[in-house]
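*Asks:* give me a 3D structure for the following:
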Amino acid sequence: MPFTFANIDNRACLVLGDNFYDLNRVSQDTIGSDPMSALSDIDALRQVSSALTNNEPDGSLSDAKLGAPVPKPRNSFGVGLNYKDHAEESKMDLPESPVIFSKFPSCIAGPFDDVELRATSGDYEAELVVVIGRITRDVIAEDAWEHVAGVTAGQDISDRRLQLGARPPQFGLGKSRDTYGPTGPLLVSPDSFANVDDLQLTCEINGDRRQDARTSSLIFNVPYLVSYLSEVMTLVPGDLIFTGTPSGVGMPDKRFLVAGDVITTTVEGVGTMVNICR
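*Replies:* You can find the predicted model right below:
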């Protein structure tokens, strides 16, 4: 059973149409209100979602205060150079295996939170973000989607000077300033899509579309990434994978972010984030 999950006022909720339902209430206290706790049992989320129409909603999504669907992940991974066109614009060779780095979890922010630039070379990177939904170890690619709670939109905001100023580059630090990981607005289960491996991803800066791609163009797709990481370590519910960004980032043309810029990020079937740079 498909489900759509949201963090509303720091409470776990399910979404149906334009309405949201408090999970603790509609589950009759069998699922806790904490979003991280609720995401630890995606089978329970599916069961409650199947009976949502038997309940009155708690409110309208348009009036809700949405936070990051996964506000405190244990792990947050980034994948570099995972679109051919982005590797080309970065003047780097295509990777033979996934380029994995840590995007430290303290950077995670909500879908409408401000981005605190604190950088003269701040850059945007629209990404599909995968949320792990089960304890996952040594899973094969063919079974990987069964271990995913859902997908959401993300921005891998990057301080290029901090990232590239050291040799070798400091990917982790350069991409992990506070607020440099907006995610949301919703987490949507994989079975909600006709083809979860082929979603449109766009990014606009002040209304100017800079990035427009489909996730079917990923060099290493989601099943491969989940399988690859699970061979190295045990993944747990709530772990995030920022799957990479397509071409159109600001660095090649030095179109860096400045205070007042509005970053609009959309993933097909998930929704739109709007983050203002301060």
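
*Asks:* hmm, who's touching the helix or strand of the chain with the lowest mean pLDDT?
*Replies:* When the helices and strands of the chain are scored by mean pLDDT, DSSP states H and E, helix 84-89 comes last with a mean of 89. Helix 84-89 is contacted from outside by 81, 93-95, 213, 217, 219, 244-249, 252, using C-beta atoms under 8 Å, 6 or more residues apart in numbering. C-beta here means a position set from N, CA and C on the backbone, and glycine is covered the same way.

*Asks:* closest one to Gly174 out of those residues, please.
*Replies:* Distance to Gly174 across those (C-beta to C-beta) is lowest for Val249, with 13.1 Å.

*Asks:* in the chain, which helix has the most residues?
*Replies:* helix 222-232 (DSSP state H).

*Asks:* what about the helices in the protein?
*Replies:* Listed in chain order, the helices of the chain (DSSP H) span 23-26, 35-38, 42-49, 84-89, 160-164, 171-174, 222-232.

*Asks:* out of those, which comes closest to Gly59?
*Replies:* helix 23-26 (11.7 Å).

*Asks:* show me how far the least confident helix or strand of the chain is from its chain's centre.
*Replies:* 21 Å (C-alpha atoms, centre = their mean, to the nearest Å).

*Asks:* one step back: and the longest helix of the chain, what does it pack onto?
*Replies:* Packed against helix 222-232 by the contact rule (3 or more C-beta pairs under 8 Å, 6 or more residues apart in numbering; DSSP states H and E) you find strand 126-132, strand 148-155, strand 240-242.

*Asks:* could those strands be laid out in JSON lines, adding mean pLDDT and distance to Leu164?
*Replies:* Formatted as JSON lines, the helices and strands packed on helix 222-232 follow (pLDDT from 0 to 100; distance: least, C-beta to C-beta, whole Å):
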{"stretch": "strand 126-132", "mean pLDDT": "98", "distance to Leu164": "19"}
{"stretch": "strand 148-155", "mean pLDDT": "98", "distance to Leu164": "19"}
{"stretch": "strand 240-242", "mean pLDDT": "99", "distance to Leu164": "18"}
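
*Asks:* which residues touch Asp212?
*Replies:* Neighbours of Asp212 in contact, by C-beta under 8 Å, 6+ apart: Gln200, Leu201, Thr202, Cys203, Pro246, Gly248.

*Asks:* list the beta-bridge partners for it.
*Replies:* Thr202 (DSSP bridges).

*Asks:* ok, it to Arg11 distance?
*Replies:* According to C-beta to C-beta, to the nearest Å, Asp212 and Arg11 sit 34 Å apart.

*Asks:* how about Ala149?
*Replies:* 17 Å.

*Asks:* okay, those two: which has more neighbours?
*Replies:* Neighbour comparison, Ala149 and Arg11: the larger count goes to Ala149, with 27 against 19 (by other C-beta atoms under 10 Å).

*Asks:* enumerate every residue touching the nearest residue to the more buried one once chain neighbours are set aside.
*Replies:* Nearest non-adjacent residue to Ala149, counting by C-beta to C-beta, 6 or more residues apart in numbering: Gly133, 2.9 Å away. Residues near Gly133 by C-beta under 8 Å, 6+ apart: Leu39, Ile42, His147, Val148, Ala149, Gly150, Pro237.

*Asks:* of those residues, grab the buried ones for PyMOL.
*Replies:* Buried subset of the contacts of Gly133, written as a PyMOL selection, criterion 16 or more other C-beta atoms under 10 Å:
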select buried, resi 39+42+147+148+149+150+237
